[in-house]
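Chemist: predicted structure and sequence below. I'll ask about it afterward.
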Amino acid sequence: MKPYIQKANVLIEALPYIQRFRGKTFVIKYGGSVIGKDDYSETVLQDMVFLECIGINPVLVHGGGNAINNALKKTGYQPKFINGLRVTDKEILKTVEKVLFGEVNKSIVDTIQSIGGKAHGMSGRDGLLKAKKLFSKVKNPETGAVENIDIGFVGDIIDVKTEPIAKIIKKEIIPVIAPLGYDDEGNFYNVNADTAAGQIAAALHAEKMIFLTDVEGIMRDIEDKSSLISTIKSGDIENFIDEGIIKGGMIPKVKSCLNALQNGAKKTHIIDGRIAHSLLLEIFTDKGIGTEIV
């Protein structure tokens, strides 16, 4: 009988969180580094289905960098990045869209449906993410001047159309969004998924934005798991970047969190998507996991 009582206690611990968050919107960024990992990726989507079933509105924004790199290599292209942004000509853009929406997005939607949930794939072609051409800023080593470098069809989001997302949510269906933008001239753009998630969370005034990554969270020492920082105030972010505590691929995630907080989202989290049911552990337990930015 004791194991059953323990299970009941777990549900009771979750009750106040379910009551607090029912009807709220959570934007969840599902990173390319954890998509498709057989040992834990399905638990992420099970968590999403659970959230929707108890009245929380999950909106999933996904990446797909690893899958895109693999597809490009098969066609003879060597991926090229400038300041962390993929150089994207017309041919590469075709591959990006094919992989992001035609493969990764479809696979996520199919998996959610296979475990009893309802999901709908969306991208820039649904009129969600209005973008403009983004130039990468690079310092000229000879003159010291900052120059704009043309990196092709890479976009910077200037507006998020929330109506199509809201319609899907109202039908109790999980929106699964591929980060592809568009402009008024009919051009489509590859958009950084971290940036897209932050902009979408802000536009929807999300209760939470959660990054699922392949690290435990933000740590003072990446080699020391006990140095995990559980809560960071937004005002401390720049100091942490200057000190090198936040660096590399974590910088765009944290800056996306800041943008979301400053423009309508309530809280942001960076958690380890490799942990089974990490979403439920973060949302419905008293201790939580990962790093919360408030």
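Modeler: Arrived safely. Numbering: from 1, shown residues only.
Chemist: so where do the strands sit in the stretch 151-294 of the chain?
Modeler: Counting by DSSP state E, counting those that start in this stretch, the stretch 151-294 of the chain has strands at residues 174-177, 180-182, 188-190, 208-213, 231-232, 267-272, 291-293.
Chemist: distance to Arg22 added to the ones you listed, as a markdown table?
Modeler: Yep, even glycine has a C-beta here, placed from its N, CA and C like the rest. Formatted as a markdown table, the strands of the stretch 151-294 of the chain follow (distance: least, C-beta to C-beta, whole Å):
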| stretch | distance to Arg22 |
| --- | --- |
| strand 174-177 | 16 |
| strand 180-182 | 32 |
| strand 188-190 | 36 |
| strand 208-213 | 13 |
| strand 231-232 | 24 |
| strand 267-272 | 16 |
| strand 291-293 | 20 |
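Chemist: okay if I get those as a markdown table plus mean neighbour count and distance to Lys139?
Modeler: Output for the strands of the stretch 151-294 of the chain, formatted as a markdown table (neighbours: other C-beta atoms under 10 Å; distance: least, C-beta to C-beta, whole Å):
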| stretch | mean neighbour count | distance to Lys139 |
| --- | --- | --- |
| strand 174-177 | 27 | 34 |
| strand 180-182 | 25 | 26 |
| strand 188-190 | 24 | 23 |
| strand 208-213 | 27 | 28 |
| strand 231-232 | 16 | 29 |
| strand 267-272 | 23 | 29 |
| strand 291-293 | 23 | 29 |
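Chemist: and those strands: which comes nearest Lys74?
Modeler: Evaluated with C-beta to C-beta, these place strand 188-190 nearest to Lys74, the distance being 18.3 Å.
Chemist: right, and Ala197 touches Ser256 too?
Modeler: Yes: if you go by C-beta atoms under 8 Å, Ala197 and Ser256 touch, sitting 6.1 Å apart.
Chemist: what angle sits between the helix ranked longest in the chain and strand 208-213?
Modeler: Longest among the helix segments of the chain by residue count, using DSSP state H, is helix 2-21. Angle, helix 2-21 to strand 208-213, by axes from the mean of the first three to the mean of the last three C-alpha atoms, to 10 degrees: 130 degrees.
Chemist: partners of the next helix or strand after helix 2-21, with directions?
Modeler: Using DSSP states H and E, the next helix or strand after helix 2-21 towards the C-terminus is strand 25-30. Strand 25-30 has the following sheet partners, assigned by DSSP bridges: strand 57-62 (parallel), strand 208-213 (parallel).
Chemist: need those strands in a markdown table with mean pLDDT and distance to Phe240, can you?
Modeler: Shown next, in a markdown table, are the strands paired with strand 25-30 (pLDDT from 0 to 100; distance: least, C-beta to C-beta, whole Å):
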| stretch | mean pLDDT | distance to Phe240 |
| --- | --- | --- |
| strand 57-62 | 96 | 24 |
| strand 208-213 | 91 | 16 |
